[in-house]
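Q: Need coordinates for the below:
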Amino acid sequence: MQTPHRKDLVAVWHQCAAPPRQPHPKFGNGDISHAAKYKDGYYSHRPKEKSRVDSNNENSVPRDFENIDNSNFGARSQPHRQSVGATSSKQQREHLQEKAHTQQQAWRDNSPNLGRSSNEVLPVGHQPLAVGNNSSHPGGQGIAGVPRQQYRASQAQQAPSQHRHQHPHRRQATAAPLEVTYDQPPECEISGKEAISALSRAKSKECRQQIAEVYCRHKEGQLMPEKVTRYCHLEGKANVNVQWDEDSAESFPLKPVRIAFVLVVHGRASRQFQRLFKAIYHASHYYYVHVDQRSNYLHRQVQALATQYPNVRVTPWRMSTIWGGASLLTMYLRSMADLLAMRDWSWDFFINLSAADYPIRTNNQLVAFLSKYRDMNFIKSHGRDNARFIRKQGLDRLFFECDTHMWRLGDRKIPDDISVDGGSDWFLLNRLFVEYVINSKDDLVSSMKRFYAYTLLPAESFFHTVLENSAYCESMVDNNLRITNWNRKLGCKCQYKHIVDWCGCSPNDFKPADFHRFQQTVRPTFFARKFEASVNQEIVNQLDTYLFGSFPQGMPALNSYWENVYDEPDGVASLSDTQLTYHHSFSRLGLARAAASLQGNPKDHSCRYFPMGHPVSVHLYFQSDQFQGYLVKHHATNLATSKLETMETWVAPKKNFKLTTNPASTFSRLQFAEIGTEWDAKERMFRNFGGLMGPMDETVGMQKWSKGPNITVTVVWIDPTNVIAATYDILIDASAEFTHYRPPLNQPLRPGVWSVRILHHWSPVAEMKFLIAPLSHHKHQPIRQEETVKLHNGPAKNSYMEQSFHGLNPVLNIPVSLGYVEQAKRNAALTGPELEALARRPGGRAVGGGRRVRRGPHRLSCHAGLLQEPVELPQPRPQIPARSAAGRRAHQVAARPPAGREATAREVHCRLFYLFKGFVVTWGKENCSSSVLGGKKKTKEKVDFLGGVPGHKAKIFRSSRGVPPFRGLCWLCYFSFSVYLFYVSWLSFNCDPNVAIFSSVYFAAE
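A: Here you go, the predicted structure:
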């Protein structure tokens, strides 16, 4: 990957064509009289939200768990809409509540084994599913008893800040009956709302069948052990104290321990994994890597690394290990069994790490410490009373994992005669205890494996419980030798409810301000988590300097970071249609920038290219912890040589936020605002870098504030046709730093440039713009006209919400014109070249320029020179072989399908076409320009050999100088040109779809 220089960031920005602003009208009677009544904004029908209390315990569930109701996993149903203040809705809710109460009375005693959760019944067989009153309904209760609509907004900002949004709630409707089908009818009557909810939400028939089988086995008492043998002679926990002397830790022991590191990684951050590996690598240790089944790109990178070292191996099997799932424990147990079976690996300790971990002490210090306590097991306990821990951790609930989801099915009883313990799922275990866990067949181990196979967060409790109740209980040290960056205020947002029927927490990423925590010497700590280079890499640089000394002077790429988001072997199915559209568009922006460097010379084709196929790879690029844009590697055919070349385009984002506050205004709290998707409330950032958004995305508005007095602001969303899509108020507390909210807009969103205005006392204070790109692909195929009409025409009836806000247009000086809507409807039907042409009009401004580099042995003058040297990672120790100076191998001239796949008929046609084009353009231009068919006087007849590519025309005319030597071939060339015109038309729809739509409004290819 070539390294862009920040000083080379030269953008050609285009201003969006916007209607002229009108003077702000004075408030008066009529449609806006209510605005004058409430000068801080519209009246809020929404109650204030409750604050969340956070804490700092060592496991993944909030300490204040008693305040959280985890029963809000209702059966999946049709969307519900509710009208605020409507009498009919109130009567309907009362009727439903009365009906639900009657059902609960009738079903109360149907499931004695599942206790208080059994308030609904699913009859055996293929009958409709009865759904009672739960939180999937608008009237249901969510967290802490807060109404569901209120809770959703409480997730939209920090607790002290409130929203008063002006859109109505969704209209309430009766859910359609849900039918659950099985391959075989369940062996028992399914009762309990958790089980019914799980069955209604499970996607696959296999998963539903498994849920029913597990539920029935548990109901019959065949699943869980009732009593387990305890082998520890101690009454309570062992209280083992270990001494930590950092000065003496450097002394190397006579018989140093050897460590088996099990690295559990997922995602696409291969460079961060390599950096962790370098920091912990030693020839005396062993490294066993498990890559998540869904992370194929990272798996390829790890496999390539493992082939270079005899003490590094990758698991031959892979699992999809979800947060809190039973699969994580299964993966650990299987990895332990593999390590014990490797007779050539003689290790003493098992240490699990993720790619988000990093060492904070040297290898010598770690080995010296573990050699001193080689008989100990280091595991962190929860440190509170067991009864509360069991409730908080959900150990008294039955869970089952399938469809990469952890389903809650009901209640269960903790086995008798053992002490249940738990805490962190990061630990250091000696080999003796690992052998006991894997090979023992005693009642404790076998029963605990059964129990924890149906447990939430099993890795946070299984090893603790087995160790505390086994004969090895005296070896337990209540310290896992790690520092975890818990910030409950930010990390406990119940962000895993889409994969787990429970509420959990996640630690935050370390930042440079946290460095002092690594220097403490009160207790032994050797690792810390979490680190994330895409959030902050500077803290890792500081740690490397602290552990291994200063970096060499002038070390390249020390403050740069790349992360892959697409790789060709993964296939375009790994991308969303929105991502695929933008990536194609970025490559075209670069080609347009290259062509623009010719400065209108129609005879120079050295920098004119025709795009070919899908992108090869796409990377995020960061410099000094700031996102700098996308690096898109792709193929293009050079029109001068007719050869296929591998190109790379750097596309940088444009910030489209501006303050519009009157200089005399006292409003100064707003610092920044942004619209995006994939909001990370924990790190307070958008994970969709650059804001790549399409018609079907759920957009979120974020605002950053300085401290100051309490204020109320109004946020207004305006679509490209000047339709006000949404408006809501935000109450900003004095200490609030960030607020965010996702307005429930009806989809699809209309493509084009949207604007969001922030008002204070109805005076504009800021405006931001964002792009909704029309899709060039739908379901990973070139979009068809019937699909564009559906996806690009905006929501039904041009209404983003049930309530219309058109009365605000004169208040906000937003002109209303049916012409905007009619033009948008016409544009929505465009495809192919017409859609491409739309992007080049003044309102679209798709082509802004591009900085490109050609990958290969030669460079053309039009290619902006990014660094040609190979880029290496910072190398603290030990060295990993760097990439070759030539970079990635240049692709062959002829396009080829991915390895292992035969070329499709379409690919064969595309390949033949480009070979054919080489003859027509190259040979025909050289030999048939001055004399083609023979004859008398010159007869001008301009023919565009490239079928519409500007500036590449050749004259074909008759000459009076006799018959040319290649007359037969020229006749063939001339005849072939008519066939060529057909191919050009066919090519545009089959070989290289048009994709660059509106992109340069927010991206400038560098």
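
Q: Which strands border the strand ranked longest in the chain, and is each parallel or antiparallel?
A: For the chain, the strand with the greatest residue count under DSSP state E is strand 609-623. According to DSSP bridges, strand 609-623 forms sheet pairs with strand 560-567 (antiparallel), strand 626-638 (antiparallel).

Q: which outside residues touch the first one?
A: Judged by CB atoms under 8 Å, 6 or more residues apart in numbering, the contacts made with strand 560-567 from elsewhere in the structure are 1, 3, 268-272, 297, 300, 533-534, 537, 574-575, 579, 583, 615, 617-623, 625, 630-631, 871. Glycine gets a C-beta too; all of them are placed from N, C-alpha and C.

Q: Which members of the residues you listed are classed as buried?
A: Using 16 or more other CB atoms under 10 Å as the burial test, these include 1, 3, 268-272, 297, 533-534, 537, 574-575, 579, 583, 615, 617-623, 625, 630-631 as buried.

Q: I'd guess residue 429 is in a strand, am I close?
A: Yes - under DSSP: H, G, I helix; E, B strand; the rest coil, residue 429 falls within a strand.

Q: contacting residues around it?
A: 349-350, 377-379, 463 are the contacts of residue 429 under CB under 8 Å, 6+ apart.

Q: okay, those in TSV with neighbour count, secondary structure and pLDDT next?
A: Shown next, in TSV, are those (neighbours: other CB atoms under 10 Å; DSSP: H, G, I helix; E, B strand; the rest coil; pLDDT from 0 to 100):
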residue	neighbour count	secondary structure	pLDDT
349	24	strand	98
350	24	strand	99
377	26	strand	97
378	26	strand	97
379	26	coil	96
463	27	helix	98
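
Q: Tell me the one of those residues nearest residue 522?
A: Looking at the contacts of residue 429 and their distance to residue 522, the nearest is residue 378, at 16.1 Å (CB to CB).

Q: Could I get the average pLDDT for stretch 198-206?
A: The average pLDDT within stretch 198-206 is 93.

Q: So that it lines up with my notes, have the first residue be 52 from now on.
A: Done: numbering now begins at 52, and the last item shifts to stretch 249-257.

Q: what's the span of that stretch, first residue to last?
A: 13 Å (CA to CA, to the nearest Å).

Q: Can you list the buried residues in it?
A: 249-253.

Q: can you check stretch 388-407 too?
A: Buried positions in stretch 388-407, judged by neighbour count with 16+ other CB under 10 Å: 389-391, 396, 398-407.

Q: Tabulate the contacts of residue 480 in CSV, adding columns for distance to residue 503.
A: Formatted as CSV, the contacts of residue 480 follow (distance: CB to CB, whole Å):
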residue, distance to residue 503
400, 23
401, 18
428, 18
429, 20
430, 15
514, 10
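
Q: I'd assumed residue 795 was in contact with residue 852.
A: Yes - between residue 852 and residue 795 a contact is recorded at 7.3 Å, counting by CB atoms under 8 Å.

Q: Break the protein down into its domains, please.
A: Here the domain assignment for the chain is 120-188+223-247, 299-580, 958-1041, based on automatic domain parsing.

Q: quick one, strands of the stretch 252-401 of the chain?
A: 310-316, 337-342, 363-365, 400-405 (DSSP state E, counting those that start in this stretch).

Q: how about the ones you listed in TSV, adding distance to residue 550?
A: As requested, the strands of the stretch 252-401 of the chain are exported to TSV (distance: least, CB to CB, whole Å):
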stretch	distance to residue 550
strand 310-316	16
strand 337-342	19
strand 363-365	25
strand 400-405	17
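
Q: hmm, back to that, ranking the strands paired with strand 660-674 by burial, who's on top?
A: strand 677-689 (a mean of 22; mean count of other CB atoms under 10 Å).

Q: What's the first helix or strand after that one?
A: As assigned by DSSP states H and E, the chain's next helix or strand after strand 677-689 is strand 695-704.

Q: and the helix or strand just after that next one, which residues are buried?
A: Once the chain leaves strand 695-704, the next helix or strand it forms, by DSSP H and E, is strand 708-710. Within strand 708-710, the residues that qualify as buried are residue 708, counting by 16+ other CB under 10 Å.

Q: Could you list the residues in contact with strand 708-710?
A: Contacts for strand 708-710 (CB under 8 Å, 6+ apart): 721, 723-725, 816-819.

Q: Below-threshold pLDDT in the stretch 802-951 of the chain: ranges please.
A: Across the stretch 802-951 of the chain, the ranges flagged by pLDDT under 70 are 884, 886-951.

Q: what about the strands in it?
A: With DSSP E, counting those that start in this stretch as the criterion, the stretch 802-951 of the chain has strands spanning 803-811, 814-823, 828-829, 832-833, 902-906.

Q: can you redo those as JSON lines with distance to residue 417 and mean neighbour count?
A: Converted to JSON lines, the strands of the stretch 802-951 of the chain look like this (distance: least, CB to CB, whole Å; neighbours: other CB atoms under 10 Å):
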{"stretch": "strand 803-811", "distance to residue 417": "51", "mean neighbour count": "22"}
{"stretch": "strand 814-823", "distance to residue 417": "48", "mean neighbour count": "20"}
{"stretch": "strand 828-829", "distance to residue 417": "50", "mean neighbour count": "20"}
{"stretch": "strand 832-833", "distance to residue 417": "53", "mean neighbour count": "15"}
{"stretch": "strand 902-906", "distance to residue 417": "42", "mean neighbour count": "23"}
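
Q: in the protein, what spans have low per-residue confidence?
A: Using pLDDT under 70, the chain drops low at 52-230, 232-234, 297-301, 651, 884, 886-1057.

Q: Leaving aside the residues adjacent along the chain, what's closest to residue 775?
A: Leaving aside its chain neighbours, residue 775 sits nearest to residue 856 (3.9 Å; criterion: CB to CB, 6 or more residues apart in numbering).

Q: residue contacts, the one you found?
A: The contact partners of residue 856, by CB under 8 Å, 6+ apart, come to 217, 767, 775-778.

Q: 10 Å - rerun?
A: 93, 217-218, 767-769, 774-778, 850, 862-863, 865 (CB atoms under 10 Å, 6 or more residues apart in numbering).

Q: do the same with residue 840
A: 876, 879-882.

Q: Filter these down to the buried ones.
A: 876, 879, 881-882.

Q: nearest to residue 457, of the buried residues of stretch 388-407?
A: After measuring these against residue 457 - CB to CB - the closest member comes out as residue 405, at 18.8 Å.

Q: from what I can see that closest one touches residue 342, true?
A: No - under the criterion of CB atoms under 10 Å, residue 405 makes no contact with residue 342, lying 11.5 Å away.

Q: Mind listing the shared neighbours of these two?
A: 314-318, 324.

Q: Report the contact partners of the residue lying closest to residue 257 once chain neighbours are set aside.
A: Closest residue to residue 257 apart from its sequence neighbours, by CB to CB, 6+ apart: residue 453 at 7.3 Å. Listed by CB under 10 Å, 6+ apart, the contact partners of residue 453 are 249, 253-255, 257-262, 265, 376-378.

Q: Output those residues in CSV, with distance to residue 284 appended to each entry.
A: Below are the contacts of residue 453 laid out as CSV (distance: CB to CB, whole Å):
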residue, distance to residue 284
249, 41
253, 45
254, 49
255, 48
257, 46
258, 44
259, 46
260, 45
261, 40
262, 41
265, 36
376, 34
377, 31
378, 34
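
Q: still on that earlier bit, now do the residue nearest to residue 775 against residue 649, distance only.
A: The spacing between residue 856 and residue 649, counted by CB to CB, to the nearest Å, is 48 Å.

Q: With residue 398 instead?
A: 62 Å.

Q: just residue 509 next, same as before
A: 63 Å.

Q: what about the two, which has more around it?
A: Under the neighbour definition other CB atoms under 10 Å, residue 509 and residue 649 were set side by side, and residue 509 has more, 30 against 17.

Q: All good on my end, thank you.
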